[in-house]
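Asker: Take this sequence and fold it.
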Amino acid sequence: MLKKLYSVFQLKLQIVNTDPILVKSGMASLSDADMAFIQTKREDKPECFLPGSSLKGLLRSHMERICRTLKEDSVCVPYGRETKEPKSASCSQFFKEKKDKPSRNNTKSTITAEIYGHSCPACRLFGSAFFTGRLSTSDAYLEKKVSPEQRTSVALDRYTSKPVKGALFTYECLPAQCSFHTSLTLRNPELWMLGALGYLLWDLEDGLLRLGAHKSRGMGGIRGTLQSFQAIYYQNPKDELLGLEDFLSSEERENYQIQRFDLPRFSLKEAKKEARGVQIRYDLLPLTVEENRIKKDGLLGKLAPYFHRYLESVRWWSAIHQW
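Answerer: Have a look, this model is predicted:
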């Protein structure tokens, strides 16, 4: 099932940092600052950028907060090492222990289906050490090249409130109001995943997410604007919004523990449609955005009930212990 391509959703975002921002480089830098901004080469010139891995981690951690707020212990702790308590348990740790146990049923196809079926909502969407996930995130590049500025900071004595001798350090950051562009891609998503993505994009649009270093010191604020939203199908005779669950047989849905909810379906007949080879492309932006803001009653908003219904049905912790 995971080797087939049924649908692809492509989103393009503009990200603007509302505060100065620093995403630190882990490599040695020619900069004389103690903390240098991560850079890459574009057109043979060094340029600051926001790594796709950082953006994906930010979106995942925020989704985990949303899931835990709506339902306690509904997602795992990605780097947890426990398997006894849900508050510190990791899907990957369970899968490692399961895979290490010899079993006649541990064929590659069986393990793949069981890993997907027993993954928590966050791991299904973003992936784990055993599964790539449905969402991929590109690096975010500057629309206009901006050079980082250097700032100085110092630790303060907790008793005298004076600078501590020898505690001076410097760091680079990009000034506020820099504009980046990036893209998100979902391959074969279930419909609830689009509903979850809607919540993430609303909060990103409202400036509720922060990225990079010194987030508690007035840095790292970002806002995102959805600029393009396309759905690509390879078969869609009824021009409907379809999720992975709509392409699978009942046996496949059972093997991968994918649910098909009895909720309203959405027509794409009003969307601009383009045939491109074997692809059928739909422009979903007019159905989703109005005056550069995501509509609450737009396409993503209407998919929110799918996310809520899925989260209500999740029995991740009990199911993985019975596996």
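Asker: what about the helices in the stretch 1-150 of the chain?
Answerer: Ranges of helices in the stretch 1-150 of the chain, per DSSP state H, counting those that start in this stretch, are 52-70, 91-100, 108-118, 121-126.
Asker: which one of the ones you listed is the most hemmed in?
Answerer: Neighbour counts averaged per stretch over the helices of the stretch 1-150 of the chain are highest for helix 121-126, at a mean of 25; criterion: mean count of other Cβ atoms under 10 Å. Yep, even glycine has a C-beta here, placed from its N, CA and C like the rest.
Asker: Does anything pack onto that one? Which helices or strands?
Answerer: Using 3 or more Cβ pairs under 8 Å, 6 or more residues apart in numbering; DSSP states H and E, the elements in contact with helix 121-126 are helix 52-70, helix 191-205.
Asker: who touches that helix?
Answerer: Judged by Cβ atoms under 8 Å, 6 or more residues apart in numbering, the contacts made with helix 121-126 from elsewhere in the structure are 56, 59-60, 63-64, 67, 74-76, 78, 91-92, 116, 131, 133-135, 189-190, 192-193, 196, 310-311, 314, 316.
Asker: how about 6 Å then?
Answerer: 60, 63, 64, 67, 75, 91, 133, 134, 135, 193 (Cβ atoms under 6 Å, 6 or more residues apart in numbering).
Asker: of the residues you listed, the lowest pLDDT goes to which?
Answerer: pLDDT is lowest at residue 91 among those; the value there is 87.
Asker: list the contacts for that residue?
Answerer: When contacts are taken as Cβ under 6 Å, 6+ apart, residue 91 is in contact with 76, 119, 120, 123, 128.
Asker: Just give me the neighbour total for residue 257.
Answerer: For residue 257, the tally of surrounding residues (other Cβ atoms under 10 Å) stands at 15.
Asker: looking at this, it is in a strand?
Answerer: No: per DSSP: H, G, I helix; E, B strand; the rest coil, residue 257 lies outside any strand segment and is coil.
Asker: ok, it to residue 236 distance?
Answerer: Summarising the geometry, the distance separating residue 257 from residue 236, computed by Cβ to Cβ, to the nearest Å, is 24 Å.
Asker: Same list (the contacts of helix 121-126) but as a markdown table, adding distance to residue 242.
Answerer: Supplementary listing: the contacts of helix 121-126 in a markdown table, determined by distance: Cβ to Cβ, whole Å:
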| residue | distance to residue 242 |
| --- | --- |
| 60 | 25 |
| 63 | 22 |
| 64 | 27 |
| 67 | 24 |
| 75 | 25 |
| 91 | 27 |
| 133 | 20 |
| 134 | 14 |
| 135 | 18 |
| 193 | 13 |
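Asker: I'd like to know which of the helices of the stretch 1-150 of the chain is closest to residue 8.
Answerer: When the helices of the stretch 1-150 of the chain are ranked by distance to residue 8, counting by Cβ to Cβ, first place goes to helix 121-126 at 15.0 Å.
Asker: where in the stretch 1-150 of the chain is pLDDT low?
Answerer: In the predicted model of the stretch 1-150 of the chain, residues 1-2, 27-31, 82-84, 99-109 satisfy pLDDT under 70.
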